[in-house]
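A.B. asks: Provided below for reference: sequence and predicted model.
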Amino acid sequence: MRRRTLSLLLWFAVGAAAAFGAAEWRNAVNRTYVSDVLVDGDAVWLSYLGGGVARYEPRTGKATYYTAADGLIHNYVTAAAADKNELYFASRNGLAALSRAGGAVERTVRMWGFAHNDCTGVAADERYVYVSTLEGARRYDKTWPGKEFEPIPPEVGPASRLSPQVEDGWKVFVTADGVVLDDLYSVTPAEEGLYWGGRGRLFASARGAESWREVAVELPVMAAVRRVLTRGATLVVATDEGIFEYDGSRTTRAPGPPGRVDARDAFAFAGLEYYATAEGLFVRRADGRPFKFAAGAGSSWKKLKDAARKKSPAWRLGAADGLPSPRCTALASWGESIIIGTENGACVLEPTSGQVRPLPLAKGLPPGGVYAVAYGDGRIWAATPNGPVAVDEADFAVEKFELPGPWNDVRDVAFFDDELLMTSRAGAAAADRSGGRKTFDLRDAGFDAEGLCAVKVDARYFLGTTEGVIELNEDFGLVETYGVAAGFPAHPVRALLPFGRALLCATQSGGLASIDLDAGDVSVITSGDGISSDALFSLAADDEHIYVGTYDKGVDVLGAALNFEKNISWGDGLSHTDIWAAAADPPWLWLAIRGVGVNAYHLETGEVRRYYARYGLGDEYCKSIAVLPPREGRKRLAFGTASGIAVLSYEGEPPDYTEEDYDRNYP
């Protein structure tokens, strides 16, 4: 057997459920990639790309976690800032604030338009909050008297079903000529004002201003500016193509290795400059003088104080020195210590002793998001690019299974007859409770293809690949290949669905293929036969209908005989027409829609309800939906997203957020 189950992961904290009437959300997320570190009094706040935020108290060891289920706008948090009253968390879908008074996370100010909401940095002063986004810089006035909304013109979307609005209080930064500049990656506060990091460009503005000027620093044209340090009259600019110094007239690259590495953050403390880079933590003296340490010395921090035998412009710490990962991402000071964020958690560095110790914070799911979810054996199963994961439905404890090599990138997961069926790039694997294991390796079997999905019908297995469908027997032996020679479209198979005595196959560009499970015959339905699109990504069914999710035309509803009945699309109120996943739980059809969350469509009335990250979904990039068995009289669904797993449970009807969903066009 080529797979081996490894140890159970440490427990992880699940955000406290947020109730909306009789509805409840819970998030299971990863907390590995630390995007920012914010020290606020005796607390350290860590922001995660996909894991929300964590509040850690170093003196007591207490940790509190916040996700979209607790009120964050999004679990993909890119930066954090604070003023005397609130903490601000920028995400790829807007800005959230946490009030110190009550400790509650509130959905506060946002910006209209999806791209405008892709925030990369945040800073705050007494009156304003400043946000860098991928479509320019924004300034929010905290003294704005209240929320006033301006309707968007009807041509933006079907006015009868959508009511997007603009929340006021925001100003957009422009040049003297009124130009809005995009691709901003950071905002750095300084005594003289604010620095805005762009792509190969650096801008400066006064606090409270609505315009900016460009700084004449010369950077590589595609270098993303992540942070700016001021050293007297010199600017030190950290970018993903190295570190540069600008003295007002000339730009030079920083000396030594730091000058040529991907720098994610920069920080000055006690006469030293710290650089969080993709190759470790670099430290150098602020006065530019080289470090001196003993020849042949190891990596001990104390060696920096030894007799001068060797000079170096900077000192580097990596994984061998105790960092959780050599790829450092964020920095802050706490007392006399340095908090270092990495792509695998955070740690504390004590500069005087050189001791490095990790922060004992839970990491949860593996990074990379969730491709697919399924239910079986009392657990929610997730397919991730770092192996399969099981989440206990009672206490949300996580069990992660390591798989070797290409088997670890699990694309699909399903549960049939007490057997876990997994699909990876390498092929298919199955495991049962008794310890039985079997695999089918595409390369070993002579196929130049990758696995995408799999199902089990009776004692037969069907593997959807990038080039068709492969049938296996109960021992995973090759039985049949459904490709061009069998009349099957030569396109990737994105979804498989047994329906009656047929296996339905959604192909990426070849329409809907149907394999007769008794005769083995293949038939194909394309747009020329009446369906709306040949680019299909998802399938779902109830007792009477089949729901075909397309890449560009919404959802087709087919009868039991595969006859086209109707199409559900933008004009019916869907947020978008690209359907990544579908699940039928009559009278509701649940749809994961590319980049804009989840829609629930009422099959009888045509009502559409929308679910975004800020309501508890966690992330708008949802690729899988699974209907879970009811529990304690409550219906349940699990959603696999780019941030992890979100579970919704409710009584009666699913929650309706329409009244507060003032920008329904955009998450």
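C.D. replies: Thanks, I have it.

A.B. asks: mind checking the longest strand of the chain?
C.D. replies: strand 622-631 (DSSP state E).

A.B. asks: For that one, name the packing helices and strands.
C.D. replies: When contacts are defined as 3 or more Cβ pairs under 8 Å, 6 or more residues apart in numbering; DSSP states H and E, strand 622-631 sits against strand 372-376, strand 379-384, strand 579-585, strand 588-593, strand 634-641. The way it works is simple: take the backbone N, C-alpha and C, and place the C-beta from them, glycine included.

A.B. asks: Give me the contact list for that strand.
C.D. replies: Outside of strand 622-631, the residues within contact range by Cβ atoms under 8 Å, 6 or more residues apart in numbering are 369-375, 380, 383, 393, 580-585, 590-593, 597-598, 636-642, 647, 649.

A.B. asks: Looking at the helices and strands packed on strand 622-631, spot the one closest to Cys347.
C.D. replies: Set against Cys347 and scored by Cβ to Cβ, these come closest in strand 379-384, at 24.4 Å.

A.B. asks: SS state for the closest residue to Lys84 other than its chain neighbours?
C.D. replies: Using Cβ to Cβ, 6 or more residues apart in numbering and skipping residues adjacent in sequence, the residue nearest Lys84 is Glu126, 7.6 Å away. What DSSP: H, G, I helix; E, B strand; the rest coil gives for Glu126 is coil.

A.B. asks: Within its local environment, how many residues does Glu126 see?
C.D. replies: For Glu126, the count of nearby residues is 11 (other Cβ atoms under 10 Å).

A.B. asks: thought it was touching Asn85?
C.D. replies: No - Glu126 lies out of contact with Asn85 (Cβ atoms under 8 Å); the separation is 9.7 Å.

A.B. asks: and the residue nearest to Lys84, backbone torsions?
C.D. replies: Main-chain dihedrals, Glu126, degrees, to the nearest 10: phi -60, psi -30.

A.B. asks: For Ala82, see how far away it is.
C.D. replies: 12 Å (Cβ to Cβ, to the nearest Å).

A.B. asks: same check, this time on Asp552
C.D. replies: Applying Cβ to Cβ to Asp552 and Ala82 gives a distance of 43 Å.

A.B. asks: Can you read off the pLDDT for Asp183?
C.D. replies: Here, the pLDDT recorded for Asp183 equals 87.

A.B. asks: Confirm that it sits in a strand.
C.D. replies: No - under three-state DSSP, Asp183 sits outside any strand and is assigned coil.

A.B. asks: and it, what does it touch?
C.D. replies: Leu134, Gly198, Arg199, Ala224.

A.B. asks: For stretch 460-480, give the mean pLDDT please.
C.D. replies: Averaging pLDDT along stretch 460-480 gives 97.

A.B. asks: Can you name the residues in contact with that stretch?
C.D. replies: Against stretch 460-480 from outside (Cβ under 8 Å, 6+ apart): 421, 423, 427-428, 430, 438-440, 442, 445, 447-456, 459, 481-484, 486, 488-490, 492-496, 503, 505, 513, 515, 517, 520.

A.B. asks: go again using 7 Å as the cut-off
C.D. replies: Outside of stretch 460-480, the residues within contact range by Cβ atoms under 7 Å, 6 or more residues apart in numbering are 423, 427-428, 438-440, 442, 445, 447, 449-455, 459, 481-483, 488, 490, 492-493, 496, 503, 505, 515, 520.

A.B. asks: That stretch: end-to-end distance?
C.D. replies: 11 Å (Cα to Cα, to the nearest Å).

A.B. asks: Can you list the buried residues in that stretch?
C.D. replies: For stretch 460-480, burial by neighbour count (16 or more other Cβ atoms under 10 Å) applies to 461-472, 476.

A.B. asks: okay, those residues in CSV with distance to Asp42 and secondary structure next?
C.D. replies: Shown next, in CSV, are the buried residues of stretch 460-480 (distance: Cβ to Cβ, whole Å; DSSP: H, G, I helix; E, B strand; the rest coil):
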residue, distance to Asp42, secondary structure
Tyr461, 56, strand
Phe462, 57, strand
Leu463, 54, strand
Gly464, 53, strand
Thr465, 54, strand
Thr466, 53, coil
Glu467, 58, coil
Gly468, 60, strand
Val469, 59, strand
Ile470, 58, strand
Glu471, 62, strand
Leu472, 58, strand
Phe476, 56, coil
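
A.B. asks: As CSV, those with distance to Thr67 would be great.
C.D. replies: Converted to CSV, the buried residues of stretch 460-480 look like this (distance: Cβ to Cβ, whole Å):
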residue, distance to Thr67
Tyr461, 36
Phe462, 36
Leu463, 35
Gly464, 32
Thr465, 35
Thr466, 34
Glu467, 39
Gly468, 40
Val469, 38
Ile470, 39
Glu471, 41
Leu472, 39
Phe476, 39
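
A.B. asks: Relative to Leu349, which of those is nearest.
C.D. replies: Closest to Leu349 out of those is Thr466 (45.8 Å), distances taken as Cβ to Cβ.

A.B. asks: show me where pLDDT drops low in the protein?
C.D. replies: The chain contains residues with pLDDT under 70 at 1-21, 101-116, 146-168, 176-179, 292-310, 659-667.

A.B. asks: hmm, 50 instead?
C.D. replies: Across the chain, the ranges flagged by pLDDT under 50 are 1-20, 107, 112-114, 151-166, 294-309, 663-667.

A.B. asks: Provide the count of other residues in contact range of Leu95.
C.D. replies: 25.

A.B. asks: try the one 5 residues further on
C.D. replies: As a burial measure, the neighbour count of Arg100 was computed by other Cβ under 10 Å and equals 13.

A.B. asks: How about it: what's its closest non-neighbour residue?
C.D. replies: Closest to Arg100 by Cβ to Cβ, 6+ apart is Asn85, at 6.3 Å.

A.B. asks: so where do the strands sit in the stretch 501-650 of the chain?
C.D. replies: 502-507, 512-516, 522-525, 536-541, 546-550, 555-558, 564-568, 579-585, 588-593, 598-602, 608-611, 622-631, 634-641, 644-650 (DSSP state E, counting those that start in this stretch).

A.B. asks: the inter-axis angle of the fifth one versus strand 579-585?
C.D. replies: What separates the directions of strand 546-550 and strand 579-585 is an angle of 160 degrees, with axes from the mean of the first three to the mean of the last three Cα atoms, to 10 degrees.

A.B. asks: For Trp25, find the nearest of the strands of the stretch 501-650 of the chain.
C.D. replies: Closest approach to Trp25 among these (Cβ to Cβ): strand 644-650, 5.7 Å.

A.B. asks: Given that closest one, what are its sheet partners and their directions?
C.D. replies: strand 23-29 (antiparallel), strand 634-641 (antiparallel) (DSSP bridges).

A.B. asks: got the contact list for the first one?
C.D. replies: Applying Cβ under 7 Å, 6+ apart, the contact partners of strand 23-29 are 14-15, 17-18, 50-52, 67-69, 75, 364-365, 391, 396, 398, 616, 618, 643-650, 654-655.

A.B. asks: Look at Gly378 and say how many residues are nearby.
C.D. replies: 10.

A.B. asks: Thought Glu393 was touching it, still the case?
C.D. replies: Yes - the pair Gly378 / Glu393 is scored as a contact, 6.0 Å apart, by Cβ atoms under 7 Å.

A.B. asks: intersection of neighbour lists for the two?
C.D. replies: Common neighbours of Gly378 and Glu393 are not found (criterion: Cβ under 7 Å, 6+ apart).

A.B. asks: Output the longest strand of the chain as CSV - backbone C-alpha positions only.
C.D. replies: C-alpha atoms of strand 622-631 as CSV (Å, rounded to 0.1, in the frame of the first residue of the first chain):
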residue,chain,number,x,y,z
CYS,A,622,-16.5,27.9,-2.3
LYS,A,623,-15.8,24.7,-4.4
SER,A,624,-17.9,22.0,-2.7
ILE,A,625,-21.2,21.5,-0.9
ALA,A,626,-22.3,18.5,1.1
VAL,A,627,-25.7,17.9,2.6
LEU,A,628,-25.2,16.4,6.1
PRO,A,629,-27.7,14.2,8.0
PRO,A,630,-30.0,16.3,10.2
ARG,A,631,-29.0,16.6,13.8
